[in-house]
Each structure stands twice: as structure tokens, then as C-alpha cells.
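pasting the sequence and the predicted coordinates here, then a few questions.
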Amino acid sequence: MTSTRDLVKDERDQYAFHDDIVYLAQTKRGLTRDTVKEISAFKNEPDWMLQFRLRAYEHFLKRPMPTWGGALNTIDLDKIVYYRKPSEREEKSWDDVPEQIKATFEKLGIPEAERKFLAGVGAQYDSEVVYHSVREELTKIGVVFMGTDQAMKEHPEIFRKYFGTVVPPEDNKFAALNSAVWSGGSFVYVPKGVEVPLPLQAYFRINGENTGQFERTLIVVDEGAKVHYIEGCTAPIYATDSLHAAVVEVVALAGSKVRYTTIQNWSNDVYNLVTKRAHAHANSTVEWVDANTGSRLTMKYPAIYLVGEGARAEVISVAVAGKGQHQDTGAKAIHLAPNTTSRIVSKSVSKDGGRATYRGQLKVAPGATGVTASVRCDALMLDDQSRSDTYPYIDIAEDDTTMTHEATVGKISADQIFYLMSRGLTENEAQNLVIQGFLEVFTKELPMEYAIEFNRLVKLEMEGSLG
Amino acid sequence: MTAAIERPARAPRRAPDELPFTFLTEALVTAISDRHDEPAWMREDRLAAFARFAAMPVEPNRLYTSYVDLRAASLDGAAPYPTAQDSGAEVVEGVHGADDATAGLLVLDGEAVTVATISAEAAAAGVRFMTLGQLAITDYPLFKTLLADDPVLPADDTFAWMARAAWTQGVALVVPAGVRVDRPIVVRWIVGEPRTQIARTVIVLGEGAEASVVEELVAGDNLVPGGQALLSLTTEVRLAADAKLALASLQETGPDQIVFQQRTARIGEGADLRWALAQLGGRLVRSRVDNVLAGDRSTVEQTEIVFGADDQLHDLTSYTRHVGRDTTGHLLSKGVLLHKARSYLKGMISIEKTAIGTDSFLGEFGMNLSKAARAVAIPSLEIDQPDCRRAAHSSSVGPIDESQLFYLESRGIDPDDARKFIVLGFLEPVVARVPLEDARERLREALEAKWTAGSAGFAGGGAATAA
């Protein structure tokens, strides 16, 4: 099986790249009140944003490090560069993107492979959006898709109305950190009644040792509008730890429909501590489709607050935890309004000593009558070095709620493997097929090219362990 | 709100996880030990336990810290009984009054032991059923082993340490190897005046022994309205190979009482334990069951019901640890909640690396029958060994099933009766498992009486009435 190993290694190398970039501006390592002011000054921000950052910074100092979930004690917050800016201005056309950065994206296969499928490309290189192309017809129908920094300046009213309303800085320690030092991320506004015909996509990655990424995404979907947003990421492999603490806020106004798809494949030294939350207003639908295969530790629980009557929520969460990895992921559905529904499906695979944890919350608040909710968690463990945990919190304060929850944990049965091998598959292929089948509930929700890429990622992860 | 009503001065606000008493100090523990002239080992055991108790938070498990609420308890007036283990009356053999259905009866009314009997048959077979004080007198080495040298109480249970530090009463049941006690043994705790009773119950079954126990927690006729008593009980079960124990517990204390229960079982090879636990009474009940499936092929079945009304809070946790090979755990918790009642059902299944071939299931099902009721279910799994027959949990919370109601009504059953049948049927699994006919009937009557009292006015314009 050495040949397979070599092959796997070769394929992995494609993703393990790192370019030397001359950074035009960057802050000193570590975080002080001055760093926060410096970032705001670099970006020429309005005063309210500086005040917002400082308020968040104060809270960050006060808030203790979480003691639950994964091991966070190895993060050295003083070693991190909180802001660096790779190029002076946002590039409007692909041709204007600096050659070196472009070469990096070439390796990721963005332009040729994805461009024609995608409505717009927001690619994040380190801490700033460097590339944005928005298709003409999107602009024509009034869709705004740009870097968050740019949106703050160009669409101040709508930006300020919603920014920080879904995830306040005081929400948790890492939301406070992000709020203090955020840069980059995407802003999307879809006007009333507009359906965005193709998925919007932001492709981004971490580059630079010890570079923190604190992007901030805000998606506002107006009444009756519809959008699908996709983010996927790969990162170069480094020895020391990187921190990724993003905040994503989604506002789904009455009757709208939003789907947010993530394929998270950070390298295995990244701490991925992300706060993702949506407000679902009356009769809107919000869907998080979330896969985590990379990172050293991910703590991410995409949440939907069902604030308007008749809102619907759906979360499909997939995690693959390999050697040295801890995927502490899950979902939250908070029912605050009557006749709302939610469905959470979680699938996890752990192997080679990896740990996959489902942690979720389902809450039905007093007054939220007629709620229907379901949670389903399935876990596969491929060996007895690995670990799988399930921690669902269910809190129901209404008498006419219909809630069901089920969880199972198991291994791939020898029968399944034997059957597939009797049909001529190798053990490796058989196992892959079973895993792909197990994760299909997720893959079938992806656009075709993503489904292919995701299956390939999972295959890489699996082959790394076998052979 | 009429101003004329005089209200008692409000007690100072306490944090939800603050202990509701201050009398438990090292001085008290020393005094208990002094009063009974205890040997040095016992005094040391108490003091060491007190140190552990004092150093631990009320809820040491981070998963559950947000679901601790002791605020309903205010026990500073409920001073502990000065009695200790030697207060037990001598056991009278073969005296059973008119009741031949039991093999033994202990009645502990406040600080007094009012009945202590064992059937001649059981006594002849070497069964010991007595207070811990009597055990100390009749078999000091065994007493020492059970209480201090080889304890089964979990190290992470704050209230188990409290019991070990400050117990003043206790019950022992020791069944020698191969002995089958074919009639149930009854332990009755009567709680009346507002005092604190901290007690331990130790149950030991030798190899191949069989017994059934019915534990009754009932209200005394010396209840003081509004006066809170604390009954803190451990049940420490050791089952040797192939032993079989069925233990039913009926908790029907008065409406103001505070009940803490710590039950632990170490289950040996091929041994079988069946819990049937019913929670009806009390103002605040905190119960924890620890099942350690230590021996290969050991099994545990735990069936638990809560029927809450008014502002009762039943906070139930169970930990099931699979250690041996081919062990089986089947746990079922069900709750019916009226008025403002709350139930927290928390269950943790851990499958350790050694536990190959585990079959484990945990079900938590709630029925909220009022808009103000609140049901919390936290069924968790922690799995280190994937090679299991089954590892699953499921939970649901919902109102009375309308289709069942419709079916019964279509058979000519009055809607109020139909509701009653459905609710009582929902709780029947525990009733059916009570091994003593009398106790079973009394539980049925108690459930029915609680339903009749609690559902008054509810069936008419109540929340669950279908529109």
C-alpha cells in the first residue's frame, strides 16, 4: 500500500502551499487597546466602529477562556498578528490581482474550475479581501456582494442597521475578539423579492505563520428574497498554531430563504473558533450546511434564532476528525416564535485517535407554541483509538411542542465491507464507499462541483489512515 | 395584587447553585463523630469526605452547570438530627404483623426506627437486614469494608461526599451468595418535621444471590406547612457475579420537602440490576444514579418516571459506565408535567475502551401538559470503543397524542377519562416494575390522585384541549 500513501501525500502537497508576500501594513504581535485603535485607523473607519471595537475589546479582557469543549490552553494570544493587509486596495477585476496571489488561487483551482459556475467571487487572502468580481446581472438586480470593509463605507445605512445585531460582541470570548479586531469577510445584501440565481461564493484561506483571521461576514436577505452563499477554505500546513475566529451574521427577513454552505478544511494546526448565527424572521427559511474536515480544534455551532412566526430552520452538520483533531461541532435551534420548525442532522466520523463531538441546543421558549423540531445525530468510529461524544441540550417550555431526538454511534459493519469486497472493491475502497454513503445527507445538498471536491477531501482523509 | 396581604420577608437572593444550608461544617462532622465515640478510621473517613465536599461545586460536571437550581430550598432551619447509626432498634425476627408479602420491613420515621423486622426464613438463610448501627455491632469488619475501605460512591458527586461526611442513619441489606429472597424487602422513610436527615443505604448481594427491594419515601403526619425538610439518601449497591437485584423506589414526600438521592451500583460479571424509580413528591428533588457495569455480561435496566405539578422541580441525572465486555444498559426516563413543574432529565452513557460488545440505550420522553411547564432533556454519549452492538439515545417531548385521544373518544370514552388513561399509561412502565403488589397499587392510586388533583380545571379550558 505504499503507492497509495505516496499518492495521498502528493495530493496533499497541492494544498500545502505558502507564498512569501510583502505585507504593506501589519500590526505588532499581540493585542492591546492600541492594536485595536491602530486597526481602525489603518482602515479609516467611522468613529462608531472604533467605539464598537473598543467595547468588544473591553469585554474580551473581562471574559474568561471557555473551560468546556476543546483544549484552548495552547493558544498564545500574544503571539498572533491581529491585522495585516496584503495589498492596498480591493481589486475589481481578476486581471488586477497581484500575480503571486493569483498563482496561489490557481493552485486552489478557483478561476477555471469554478468561475463559470459562480455568480461572484469573494476571495480572501490573509486578512483582507483582495479580489471581488460581481457579475453584471447581479449588480443589475441590486444584489450587493463585496468585502465587509467596503460595505461599511459604501452601504453605511444598511450595514450599521444590522452589524453586530445577531452576534453581539458580548456573546462569547471569541466573538468579542473578532468584534475587536475583525477585518475582511463578505457582505451580502439581497433586495426585496430578488432571487439570486447562482450561489455566491467566497473562497478564502489563511496564509502566514501565526496569522489570525478574524473575518466578519454579514448577510442581509430582504423580504421574499433568496440566496445561497458558499464558503470553502484550504490552508497551508504550518507547525505553529493559527487561530481563526470568525463571526458570521445572517439576517433572513420575512419570507426570505437563505442557505449558507461551508466546507472547512483548515490545516491541522488551526484553531477554528467560529460564531455563526442567523435570525429567521416570519416565514423565512435558513439553512446551514456545514462540513468540518480540517483544523486541529473546531468549536462551531451554527445557530438559528427563529424570531418570526412560521420560520423554518435546517442544519446539516458533518465532521471528520482524524489524528490529532477534535471537531466539537453541532447546531442550535432557538424557537422564540409560534409555529416554527427546525431540523438538525449531524453526521460525524472519527478515526486515528480523532475526537468528534456533537454539541447542540434545542430550545423552545415560553410563547413559542406549535413548534415542531427534530434532531438526529449519527456517528461512525473507525477504530478504538478514536472517540465520539454526543451532548444534545433540549429545553422545552411549551406544552404543544413536538420534538424528537435520536442519536446512534457505531462502526462500519464487517458485513458491509465483506459484501463490497466480494464485488471486487479493495477494503479501502469499500470503506470509502460506506463513509460516502453515510455522509450523503450532506453531499447531496452541495452544488455538483463541491460535492466532488468534498468526496475527494474525505477520501484523502480516509486514505491517510489506511494503506 | 392586593397590598393587604402580608408577605414574609424575602430571603436573600441566592445563586442557583448555592447550597441551601450553612449548618454543614467541619465542626458538625466532628460533633457527629464525637457524639458516637466513633473509631479513628471512621472519623478520618468523615473528615476526608467533608474536605472533598467543601472543595467541590454543587455540580462538578460542566455539561450540567447551567441546569442547577437549588433556589427553591431554604434549609437553614432544618437542623440535622443528632441521632447516629447506633439508634437503630434491634431487628425482630419473624414478626410481620399481618403482612406476609414481605421478607423484611424497616420503618425510619424521623430520627426513630419504629419497625425493624425480618422474616424467619430470610434470617435463617443468613440475610442481614438492619440499620447500619446494628451492622456495626453484629459484623464490624463488614461494616468497615462497606463504609470506608471499599466504597462505591462516585468521587465526582458532591452530595455523595456530603452523605459520607455527615450521615447519621443507615440501612444495610446483605444477602449471602446463592440465597434467593423471594419476597420483597421494604424500607420506608417517613419525612415529617422540618429537619435534615442524611443517611446511607448499603446493599450487598453475594454471588448468585437474588433479592427485590421496595424503598418508600413518604410524608409523615407531623408535616409542618411550609416547613422544609431535607432527606439526603445514598443507595450503595454491590452485586457480585450473577446476582440479581430489583429495586423500586416510590418518592411521595410532602409538597415542601427537599430530597437528594445518590444511588450507585457496581455490577459484577453476569449480574443484573433493575431500577424502577418513581418521583411524585417533594418541592425540589435532585437525584443521581451511577451504574457501573464492571463485570462482563452485566446488565442494568433503569426505568424512571416523574410526575410533576405545581412548582416542583425534579432534577434527575444518570451516569451509566460500560467497562466490562458485552454489557447491556437500557435506560428509560419519562416525565409528565403539569402547572409550572420542571423536570431536568440528564443522562450520560460512557462506553470505555474495554467495553467491547456494549449494548446501550437511553430514552428520555416528556409530556408537557401546561404552557408553563418546562422539560429539559440532555441525553449524552461518550464513546471510546466503537465495537458495540448498539449505542444510541432518543428523546422526545410532546403533548398528549391527539390520535390516541381521538381513538379512545371514538370508543365512547369521556375525553377527561381518555386523557387520564393516556397519561397514566405513559407512566405505567415503572408501575408495572414495582415488585410488591401493595406498593404497586398504592403507586397507581397516587398517580391517579395526583392527576385528578392536578388536572382539575385543566381538562375544560386547559391548554392541551385541541382547538
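The structure has been received and is ready for your questions.

low-confidence ranges, chain B, go.
Residue ranges of chain B with pLDDT under 70: B:1-12, B:82-99, B:456-467.

from it, which residue is nearest to chain A?
Of chain B, the residue with the smallest distance to chain A, taken as Cβ to the nearest Cβ, is residue B:386 at 3.3 Å. Using the backbone N, CA and C atoms, a C-beta is placed for each residue, glycine as well.

apart from its neighbours in sequence, what residue is nearest that residue?
Taking Cβ to Cβ, 6 or more residues apart in numbering or on different chains as the measure, residue B:386 lies nearest to residue A:381, with 3.3 Å between them; neighbours along the chain are not counted.

residues from chain B in reach of chain A?
Proximity of chain B to chain A is assessed by Cβ under 8 Å from any Cβ of the partner chain, with B:62-63, B:353, B:366, B:368-388, B:390-399, B:463-464 identified as the residues in range.

of these, grab the buried ones for ChimeraX.
One line in ChimeraX is enough to select the buried ones among the residues of chain B next to chain A; burial here means 16 or more other Cβ atoms under 10 Å in any protein chain shown:
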select /B:63,366,368,369,370,371,372,373,374,375,376,377,378,379,380,381,382,383,384,385,386,387,388,391,392,393,394,395,396,397,398,399,463,464
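
tell me the contacts of residue 192?
No chain specified, so I'll use chain A. Contact analysis of residue A:192 by Cβ atoms under 8 Å, 6 or more residues apart in numbering or on different chains lists A:222-225.

that answer is for a different chain, and I need it for chain B
Residue B:192 makes contact with B:109-110, B:219-224, B:229, B:254 under the criterion Cβ under 8 Å, 6+ apart.

how about a cut-off of 6 Å?
Neighbouring residues of residue B:192 by Cβ atoms under 6 Å, 6 or more residues apart in numbering or on different chains: B:110, B:220, B:222-223.

kindly report the same for residue B:46.
Taking Cβ under 6 Å, 6+ apart as the criterion, residue B:46 is in contact with B:29, B:33, B:165.

which single residue of the stretch 351-467 of chain A ends up nearest chain B?
Nearest to chain B in the stretch 351-467 of chain A, going by Cβ to the nearest Cβ, is residue A:381, at a distance of 3.3 Å.

wait, that residue sits on residue A:387?
No. Here residue A:381 does not reach residue A:387: they are 7.6 Å apart, not a contact under Cβ atoms under 6 Å.

of the two, who's got more company?
Here residue A:381 and residue A:387 are set side by side on neighbour count (other Cβ atoms under 10 Å in any protein chain shown), and the busier one is residue A:381, at 28 against 22.

measure the nearest residue to residue A:192 once chain neighbours are set aside to residue A:200 for me?
When the adjacent residues along the chain are set aside, residue A:192 lies closest to residue A:222, with 4.5 Å between them (Cβ to Cβ, 6+ apart). When distances are taken as Cβ to Cβ, to the nearest Å, residue A:222 and residue A:200 turn out to be 15 Å apart.

what about residue A:389, which SS state?
The three-state label for residue A:389, taken from DSSP: H, G, I helix; E, B strand; the rest coil, comes out as strand.

show the buried residues in the contacts of residue B:192.
Neighbour counting over the contacts of residue B:192 (16+ other Cβ under 10 Å) leaves B:110, B:220, B:223 as the buried ones.

wait, isn't residue B:105 in contact with residue B:116?
No. The pair residue B:105 and residue B:116 does not pass the contact test of Cβ under 6 Å, sitting 7.7 Å apart.

which residues does residue A:299 form beta bridges with?
Taking DSSP bridges, one finds residue A:273, residue A:328 as the beta-bridge partners of residue A:299.

make sure residue B:381 is indeed in a helix.
No. Under three-state DSSP, residue B:381 falls outside any helix and is assigned strand.

quick one on the thing from earlier: and the residue of the stretch 351-467 of chain A closest to chain B, what's its pLDDT?
Turning to residue A:381, the model gives it a pLDDT of 92.

how about the one 10 residues further on?
We have a pLDDT of 93 for residue A:391.

okay, and the beta partners of it?
residue A:359.

about what we covered before: can you tell me the element the residue of chain B closest to chain A falls in?
Under DSSP states H and E, no helix or strand contains residue B:386.

tell me the contacts of it?
A:381, A:384, A:411 are the contacts of residue B:386 under Cβ under 6 Å, 6+ apart.

which ones among the residues you listed lie within helices?
When helices are assigned by DSSP state H, not one member of these lies inside them.

count of neighbours near residue B:436?
Residue B:436: 22 neighbours (other Cβ under 10 Å).

once you drop chain neighbours, what's closest to it?
Taking Cβ to Cβ, 6+ apart, and ignoring the residues beside it in sequence, residue B:436 has residue B:184 as its nearest neighbour in space, at 4.4 Å.

neighbours around that neighbour, how many?
Should you count by other Cβ under 10 Å, residue B:184 turns out to have 23 residues around it.

quick one: low-confidence parts of chain A?
By pLDDT under 70, the weakly predicted segments of chain A are A:1-25, A:85-136, A:202-212, A:232-241, A:449, A:453, A:460-461, A:463-467.

what residues does it have near chain B?
If contacts are counted using Cβ under 6 Å from any Cβ of the partner chain, the residues of chain A sitting beside chain B are A:68, A:381, A:384, A:387-391, A:393-397, A:399-409, A:411.

change it to 7 Å
With Cβ under 7 Å from any Cβ of the partner chain as the criterion, chain A meets chain B at residues A:67-68, A:381, A:384, A:387-411.
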